[in-house]
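**Student:** Please find the sequence and the predicted model below.
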Amino acid sequence: MPATSFDKESIKNTIIGKVQRYNGLTIEEATPQQIYRAVASTVRDQIMQKYMVAREDRKKCRQKRLYYLSVEYLMGRSMYCNMLNLVSTKEYTEALAELGIDIRDVLKEEPEPGLGNGGLGRLAACFLDSLSSLDLPAMGCTIRYEYGLFRQKIVDGQQVELPDSWLDNGNAWETPVMEDTCEVHFGGHVEEMTVNGRQQYITRDYYTVEAVPYDMPIVGYDTTNVNPLRMWSARSPKKLDLGSFGEGKYVQASEEIELAEAISKVLYPEDKHYEGKMLRLKQHYFFTSATLQYILKDFKKMYGSDLRKLPDKVVIHINDTHPGMAVPELMRLLIDQEGLEWDEAAQIVRRTIAYTNHTIMAEALEKWPVSMVQQLLPRIWQIINELNRRLCDRLWNQFPGDWDRIARMAIVSYDNVHMANMCIAMSYSVNGVSRLHGEILKEETFYDYNLVMPEKFSAITNGITHRRWLLSCNPGLTGLIRDTIGDKWIREPELLSELRPYADDAAFREAFAKVKLQNKERLAAMLRERQGVDVDPSFMFDVQAKRLHEYKRQMLNALHILVLYNRIADDPNFTMQPRVFFFGAKASPGYYRAKQIIRFICAISELIEKHPRARTMLKVVFLENYDVSSAEILIPAAEVSEQLSTASKEASGTGNMKFMMNGAVTIGTMDGANVEISEQVGMDNIYIFGMRSDTVRDMYREHSYNPMNIFETNQELRKAMTQMIDGTLFPTNGAVLQDLYHSLLMGEWGSLGDNYFVLKDFGSYSMAQRRLNNDYENRDKWLKMAVTNTAMSGIFSSDRTIEEYNEKIWHLQKTVR
Ligand code: 26V
């Protein structure tokens with residue numbers, strides 16, 4: 001591939017030339033944004049050369065292709081990772097330096113596409129990077145939201161949401177693919193008729209929204225393989241007719257246009273409960289239908305019109321149930337458009353679609369009111385109804401009279417369409433995202449289905465791309481590892497384990513500590529610049545960064561900090577390892593309690609600042625607008641990783657893996673992938689506390705837990721909780737945190753309060769923190785633990801995850817050339 005490997009000189013000349021041609025300026029005159037555009041375009045040219053080759057390869061090899069459908073892709077910035085995958089970071093850094101430009105100033109100019117809430121969206125992004133790097137043929141498919149998740153500001157200790165208009169300056173990486181524009185239909189009514197002896201279903205009086213695809217090339221690491229991320233944008237087929245301006249129709253037309261284009265306007269923030277909003281259903285169907293139409297079009301172009309071969313050439317993976325309308329939509333296309341019979345179509349669907357579940361939280365499971373589906377998607381509703389009828393027939397034969405079981409397993413029950421049931425019944429694979437999560441799915445969430453079709457169920461533990469989450473975000477550590485064990489681990493991340501013996505090497509440990517200190521200084525500099533906050537890099541850096549949810553138990557952390565504060569304030573002789581507690585978390589705008597938790601954390605932070613002695617040992621920093629870019633600075637600086645979810649609730653977690661890889665030691669529950677992390681590093685290199693998941697599940701079943709018993713016996717905890725409401729935190733208004741306080745002590749709907757066992761696990765958490773604090777004082781011991789964590793993190797590379805999906809589910813061939 002000599003044509004794609006630019007050397008330093010040609011990079012320099014290309015950038016100079018682009019600034020000249022695009023802007024008519026010299027490098028000295030150009031703004032940072034103009035320079036960013038020129039550099040991005042240079043990188044893109046390199047990728048596009050590979051993309052052409054990759055498309056040729058695909059035509060030649062005619063291999064099966066994966067379509068990974070996800071309503072969220074939390075990509076983060078692309079430029080540096082693209083350079084890294086082109087193996088030319090050095091060339092670009094030097095070329096820019098010779099032009100008098102610091103590459104970091106260029107990278108900062110890129111807007112971050114924040115098209116996801118958290119773990120599920122970031123997982124999809126890591127998967128794309130691994131798919132391309134492993135030479136697997138795939139296309140990511142999603143919605144091109146004009147506004148990503150909101151930007152967060154903290155004003156007077158409270159979250160304020162601002163719109164995230166990431167497309168304001170355009171997106172340097174995407175190309176519209178006008179020729180693949182297609183129509184998606186909504187509303188109307190279905191007419192049935194018999195044509196040539198065959199029943200036909202024609203929808204009339206529907207309205208049309210156009211789906212326009214924008215492709216973003218995803219280049220693999222040091223390979224020619226490039227896979228597209230296809231983002232669908234909604235456009236009205238109506239054009240503003242200025243001729244009708246005078247007739248007043250202009251206003252109506254512009255309203256209709258706005259309504260159609262609202263579909264890809266904004267990403268839904270994830271709330272406390274799943275909400276069946278009409279616009280959301282439109283979003284899901286819109287991008288799913290457009291994707292499926294494209295899949296069939298491409299299949300026919302490549303392989304002809306025999307759609308029975310679809311499962312040999314196509315696998316459609318749905319990331320949670322959000323793209324689950326792929327099931328009835330594929331049925332519709334095969335039957336109504338391609339003329340297949342029901343049974344044939346159903347068989348094709350069942351051999352083509354695979355589904356991953358990402359949560360066991362009942363209130364998060366997606367369901368749609370029948371009336372809504374009926375109104376918006378009348379033909380789809382007919383198909384869902386028929387799928388349900390046939391399914392229930394079969395179940396009735398298998399479990400005659402067992403109405404309860406059939407209701408639990410039905411696609412349609414109690415006036416709702418249950419997306420998970422439809423996805424399980426109609427796919428060939430259902431997988432959980434960690435070993436524990438896979439077990440809970442089989443034993444509890446989908447117990448009935450596992451009895452009937454056990455062969456479908458599996459668990460594949462999540463992963464993270466080590467290219468972004470180590471090589472790109474932690475160049476210091478990457479350099480040290482290269483100097484120590486070479487660079488074979490970059491292609492085979494499990495070889496990071498060759499570092500393990502170096503945990504006993506004092507010189508290596510010191511070098512490791514030096515890198516960590518530099519990363520802490522980098523974070524400190526960012527905080528000073530962005531938030532005007534000063535942190536002391538000699539303090540221990542302790543981080544909890546993830547979405548704000550009660551089940552993730554930021555409260556446990558916050559209450560513990562308040563207890564530490566009280567120990568300092570009440571006892572002049574008390575000392576502890578100085579520590580900064582960082583929080584990074586967005587609360588859904590409608591999730592009141594989550595927002596109150598942010599207020600609680602910020603109030604504790606202020607309380608500590610006002611206390612001269614506490615301030616010397618304790619600090620709380622709420623990092624504003626936690627996103628991929630700030631995670632890339634925050635995680636490499638962390639020494640402690642807080643993973644506190646109530647056991648059984650966190651399906652996997654992926655932040656836990658990122659922290660571990662960067663040498664942070666975990667304090668956490670036996671939940672999700674924490675279980676597997678603890679197995680990798682061994683119990684001596686992790687702080688495990690709290691109830692185990694089976695105990696938690698028993699306690700939920702028995703309704704036996706009463707938090708009041710703990711409140712009454714644990715003095716330190718009682719004092720901290722009382723401070724929530726006695727004016728200590730909010731002197732002028734003691735009632736601010738009333739609801740939060742009550743949620744821990746008083747129940748609703750049969751529970752006695754504290755639904756996530758914060759009080760129950762507090763004692764055990766506090767003991768684990770005590771051990772951690774003492775161990776940190778022993779520098780050698782601590783560094784050994786940290787090194788061991790990095791050394792054993794290779795298995796959590798998403799390359800391993802993707803290889804496993806491919807072996808167990810997709811069966812794709814690697815592109816050979
Ligand atoms: C949504 C909701 C909304 C209603 C109330 C509770 C709740 C709980 C979780 C969710 C998220 C659903 C999907 C999701 O993002 N799951 C995350 O997926 C990650 C990737 O597999 C995984 O690491 C996280 O543990 C899991 O929470």
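**Tutor:** Yep, it's here. Residues are numbered from 1 along each chain as shown.

**Student:** so how far does stretch 497-508 reach from one end to the other?
**Tutor:** Stretch 497-508 has an end-to-end distance of 15 Å (CA to CA, to the nearest Å).

**Student:** Run the chain-centre distance for it.
**Tutor:** Stretch 497-508 sits 33 Å away from the centroid of its parent chain (CA atoms, centre = their mean, to the nearest Å).

**Student:** Correct me if wrong, but Asn733 is in a strand.
**Tutor:** No. Secondary structure of Asn733, determined by DSSP: H, G, I helix; E, B strand; the rest coil: coil, with no strand assignment.

**Student:** That one: neighbour count?
**Tutor:** Asn733 has 10 neighbouring residues, counting by other CB atoms under 10 Å. In short, each C-beta sits where N, CA and C put it, glycine included.

**Student:** With the one 4 residues further on instead?
**Tutor:** Under the neighbour criterion other CB under 10 Å, Leu737 is assigned a count of 21.

**Student:** neighbours of Asn196, just the number please.
**Tutor:** If you count neighbours by other CB under 10 Å, Asn196 ends up with 5.

**Student:** no no, Ile440
**Tutor:** Ile440 has 23 neighbours, counted by other CB under 10 Å.

**Student:** for the ligand, what are the nearby residues on the stretch 201-350 of the chain?
**Tutor:** Within the stretch 201-350 of the chain, the positions near the ligand by CB under 6 Å from any ligand atom are 270, 272-274, 320.

**Student:** one more time with 8 Å
**Tutor:** Contact residues of the stretch 201-350 of the chain with respect to the ligand, defined by CB under 8 Å from any ligand atom, are listed as 270-274, 320.

**Student:** Would you list the buried entries among the residues you listed?
**Tutor:** Of the members of these, the ones counted as buried by neighbours, 16 or more other CB atoms under 10 Å, are 270-272, 274, 320.

**Student:** wait, what's in contact with Ser427?
**Tutor:** Going by CB atoms under 8 Å, 6 or more residues apart in numbering, Ser427 touches 318, 327, 350, 353-355, 456.

**Student:** Likewise for Phe659?
**Tutor:** Applying CB under 8 Å, 6+ apart to Phe659 gives the contacts 543, 635, 638, 641, 666.

**Student:** For the fourth one, what are phi and psi?
**Tutor:** This means Ser641. Ser641 adopts backbone torsions of phi -110, psi 120, taken as degrees, to the nearest 10.

**Student:** Could you tell me the model confidence score at it?
**Tutor:** As summarised for this prediction, Ser641 has a pLDDT of 99.

**Student:** Surely it is in contact with Gly663?
**Tutor:** No. In this structure, Ser641 is not within contact of Gly663 by CB atoms under 8 Å, at 9.8 Å.

**Student:** re the thing from before, from the residues of the stretch 201-350 of the chain next to the ligand, which land in helices?
**Tutor:** Counted as lying in helices by DSSP state H, out of these, is not a single one.

**Student:** My guess is Ala95 contacts Asn13. True?
**Tutor:** No. When contacts are counted by CB under 8 Å, Ala95 is not listed as touching Asn13 (9.1 Å).

**Student:** Get me the contact residues on the stretch 551-700 of the chain for the ligand.
**Tutor:** 551, 645, 649-654, 672-673.

**Student:** quick one, what contacts Gln643?
**Tutor:** For Gln643, the contact set (CB under 8 Å, 6+ apart) comprises 650, 653, 655-656, 666-669, 671, 674.

**Student:** 6 Å instead, please
**Tutor:** Gln643 makes contact with 656, 666, 668, 674 under the criterion CB atoms under 6 Å, 6 or more residues apart in numbering.

**Student:** Identify the residues contacting the last one.
**Tutor:** With contacts defined as CB under 6 Å, 6+ apart, the neighbours of Asn674 are 643, 656, 668.

**Student:** Pipe the contacts of Ser427 into JSON lines and attach pLDDT per row.
**Tutor:** Listed next are the contacts of Ser427 as JSON lines, based on pLDDT from 0 to 100:
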{"residue": "Ile318", "pLDDT": "98"}
{"residue": "Val327", "pLDDT": "98"}
{"residue": "Arg350", "pLDDT": "98"}
{"residue": "Ile353", "pLDDT": "98"}
{"residue": "Ala354", "pLDDT": "98"}
{"residue": "Tyr355", "pLDDT": "98"}
{"residue": "Lys456", "pLDDT": "98"}
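
**Student:** Going by neighbour count, which of those residues comes out on top?
**Tutor:** For those, neighbours tallied by other CB under 10 Å; top is Val327, 30 neighbours.

**Student:** Roughly how far does that one sit from Arg144?
**Tutor:** 23 Å (CB to CB, to the nearest Å).

**Student:** now swap in Pro163 and tell me
**Tutor:** 16 Å.

**Student:** And those two? Which one has more around it.
**Tutor:** Set side by side, Pro163 and Arg144 show more neighbours around Arg144, with 24 against 11, by other CB under 10 Å.

**Student:** Three-state assignment for Asn566, please.
**Tutor:** Classification of Asn566 by three-state DSSP places it in helix.

**Student:** and the residues of the stretch 201-350 of the chain next to the ligand, which two are the farthest apart?
**Tutor:** Taking CB to CB, the two most distant members of those are Lys272 and Asp320; they sit 17.2 Å apart.

**Student:** what does the stretch 401-550 of the chain put close to the ligand?
**Tutor:** Within the stretch 401-550 of the chain, the positions adjacent to the ligand are 433-434, 437, 462, 547, 549 by CB under 8 Å from any ligand atom.

**Student:** before we move on, back to that, which one of Ala95 and Asn13 has more residues nearby?
**Tutor:** Shown here are Ala95 and Asn13; by other CB under 10 Å, Ala95 has more neighbours (25 against 13).

**Student:** Assign Val543 to helix, strand or coil.
**Tutor:** Taking three-state DSSP as the rule, one finds Val543 in the strand state.

**Student:** show me what contacts Ile802?
**Tutor:** Residues touching Ile802, when contacts are defined by CB under 6 Å, 6+ apart, comprise 130-131, 134.

**Student:** Now with 8 Å, please.
**Tutor:** Applying CB under 8 Å, 6+ apart to Ile802 gives the contacts 127, 130-131, 134, 136, 463.

**Student:** Farthest-apart pair in these, please.
**Tutor:** Leu136 and Gly463 (14.5 Å).

**Student:** more neighbours, these two?
**Tutor:** For Leu136 versus Gly463, neighbours defined as other CB under 10 Å are more numerous around Gly463 (29 against 24).
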